[in-house]
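K.L.:
predicted model follows, preceded by the sequence.
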Amino acid sequence: MLSVNIICVGNLKEKYLKDAISEYSTRLTPFCRFSVVELSEYKLPQNPSDSQIEKAIEEEGKKILEKISRNSFVIPMCIEGKNLSSEELSQKLSAVSLQGISTVDFIIGGSFGLSNEVKARGDLRLSMSRMTFPHQLARVMLTEQIYRAFQISTGGKYHK
C-alpha cells in the first residue's frame, strides 16, 4: 500500500481545519497510509530582514529534508510549480505507484516558501494555483485533492 505524507511547516490551530484533515485522513484509509508531519516554524522577529528570512527558509528546509523518506517521490508545493488537474494528479499518483515507489512526500513550506535544496530534491514541483492561500488552508485543500485523486483512480463517485 502506498504511503502518502504531507510534510509541512507550522501547526494547524483552528479546530475546523483540524477536523477537515481528520475527516479526509479517515477517508484515505482504504487507499493509502496517510500522515501529516508538522515541523516547527523558524522564529522570526516582527519585521524580519531579507537575511533573516533567508535563514528561516534554510533552517526550515533542513528540517524538511530530514523528514523526507529516502526513496520517496517528492512533490514540493510551490508557486512556480506545475498546475495539474485533479485527473492529472490521480494519474501521477497511479504512475508513481506502478513504478514501485512506495512513498510520496508532499511538501508545504513556511510562509516564506521553500529552500532551493528542498525544491531541488523534488521530483515534481506542484502548484495549487497562481493565487495565494493560507498555508493551513492549503494543507486541507491538498489533503482533499489526494483523496479525490484516489477516488478518481478507483472509479469512486466522489469526483464528478
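P.N.:
Now that the structure is in, tell me what you want to look at.
K.L.:
make it CA atoms for all contacts and neighbour counts henceforth
P.N.:
OK.
K.L.:
shouldn't residue 158 be in contact with residue 148?
P.N.:
Yes: the criterion here is CA atoms under 8 Å, and residue 158 meets it with residue 148 at 7.0 Å.
K.L.:
ok, those two, which is more surrounded?
P.N.:
Per other CA atoms under 10 Å, whichever of residue 158 and residue 148 has more neighbours is residue 148, with 23 against 11.
K.L.:
for the host helix or strand of the more buried one, which helices and strands make contact with it?
P.N.:
The secondary structure element spanning residue 148 is helix 135-153 (assigned by DSSP states H and E). Here helix 135-153 touches helix 15-28, helix 86-98, going by 3 or more CA pairs under 8 Å, 6 or more residues apart in numbering; DSSP states H and E.
K.L.:
nearest to residue 6, out of those helices?
P.N.:
In this view, the helices and strands packed on helix 135-153 are compared for proximity to residue 6 by CA to CA, and helix 15-28 is the closest at 11.0 Å.
K.L.:
alpha carbons of that closest one, in CSV - could you do that?
P.N.:
What follows is helix 15-28, C-alpha atoms only, in CSV (Å, rounded to 0.1, in the frame of the first residue of the first chain):
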residue,chain,number,x,y,z
LYS,A,15,-10.4,23.3,15.1
TYR,A,16,-12.4,23.3,11.8
LEU,A,17,-9.2,22.8,9.8
LYS,A,18,-8.0,20.0,12.1
ASP,A,19,-11.5,18.4,11.7
ALA,A,20,-11.3,18.6,7.9
ILE,A,21,-7.8,17.0,7.9
SER,A,22,-9.1,14.3,10.3
GLU,A,23,-12.1,13.6,8.1
TYR,A,24,-10.0,13.2,4.9
SER,A,25,-7.4,11.1,6.7
THR,A,26,-10.1,8.7,7.7
ARG,A,27,-11.5,8.6,4.1
LEU,A,28,-8.0,7.9,2.8
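K.L.:
partners of the helix or strand just after it, with directions?
P.N.:
Counting by DSSP H and E, the element after helix 15-28 in chain order, helix or strand, is strand 33-39. The strands that strand 33-39 pairs with in its sheet are strand 3-9 (parallel) (by DSSP bridges).
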